[in-house]
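1. Here you go, sequence then predicted model.
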Amino acid sequence: MNRYRIMNNVTEEWWEGEASSAQEACQKAGWLLVHCWVRVKTGEVWVYPSAEAEAITKALEEERAKLAVAGFISARDYWDANLEYNPLRYGDKDTQAGAALSHRIEQAGDMLRELGKPTYVAEDYIFEKFESIRKGLRIERDWVGKLSQGELDRLNETKKLLKDLPTPNDTVAELKILITAIANRDVSAIWDSLNRLEPMLRKQVDARSPYKTEAELTKDHRFEG
């Protein structure tokens, strides 16, 4: 057992005590290693635990990966609680344009929800939704057709809920931009967002492929957003 001294870089709190490793010391303090400044006592001085450098690096990579996925999960949780059955989707479809708009918002939300899975994501599923939205932009009547007053009211309620969707990383932020553009029926903005979003989604799919091993998934934190 060694004696560790830790400072939480977020809260600026200190912890000191006995542990078998730097990671265990942080766990005893109740903090993530990624948030900590760690020193171990050697003789009469406090030094960086260089003998644990490899283990610390691995633990940091795993924590960063989990934090990255957690960001997508938090966005999915908000969507599931507030927007999966949003007022526009749940209400009556008075017009073809209203039904199409509800469907496009649902498809964009499906991409967000897939990214909120705790491990790998399904490439075919995500890009099926992505391509459907892109192809749907060519159906002019869906974007210029008049909505009923009831649909407009329900759309405005949905937009209010969308404003509070958390954006823990760049990918979720761009998905929010896309969904907002769809809700606004702004075809030009939708095209622009899809063009920015496509490489982001491919990065997520590559980083969280179902063909990666669990060890590779925890080490690969390219999907931080």
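-> Sure thing, it's come through. Numbers count the residues shown, from 1 in each chain.
2. Now do the buried residues in stretch 118-131.
-> Going by neighbour count (16 or more other CB atoms under 10 Å), the buried part of stretch 118-131 is 121, 123, 126-127, 129-130. For glycine as for every other residue, the C-beta is placed from the backbone atoms N, C-alpha and C.
3. could you pull out the strands for this protein?
-> 2-8, 14-19, 36-42, 45-47 (DSSP state E).
4. Now do the shortest one: which elements does it pack against?
-> So the one you mean is strand 45-47. If you count contacts as 3 or more CB pairs under 8 Å, 6 or more residues apart in numbering; DSSP states H and E, strand 45-47 packs onto strand 36-42.
5. Sheet-wise, list the partners of the strand it packs on with their directions.
-> strand 2-8 (antiparallel), strand 45-47 (antiparallel) (DSSP bridges).
6. Tell me which of the ones you listed sits nearest to residue 116.
-> Nearest to residue 116, of all those, is strand 2-8, at 27.8 Å by CB to CB.
7. Distance from that closest one to the middle of the chain?
-> A distance of 32 Å separates the centroid of the chain from that of strand 2-8, by CA atoms, centre = their mean, to the nearest Å.
8. same thing with stretch 163-181?
-> Relative to its parent chain, stretch 163-181 has a centroid offset of 9 Å by CA atoms, centre = their mean.
9. Likewise for stretch 103-117?
-> Relative to its parent chain, stretch 103-117 has a centroid offset of 12 Å by CA atoms, centre = their mean.
10. What mean pLDDT does that stretch get?
-> The average of the pLDDT scores along stretch 103-117 is 95.
11. Determine the longest helix present in this protein.
-> The residue-count maximum for a helix in the chain (DSSP state H) belongs to helix 53-82.
12. Residue 10 contacts residue 35, doesn't it?
-> Yes - the pair residue 10 / residue 35 is scored as a contact, 5.0 Å apart, by CB atoms under 8 Å.
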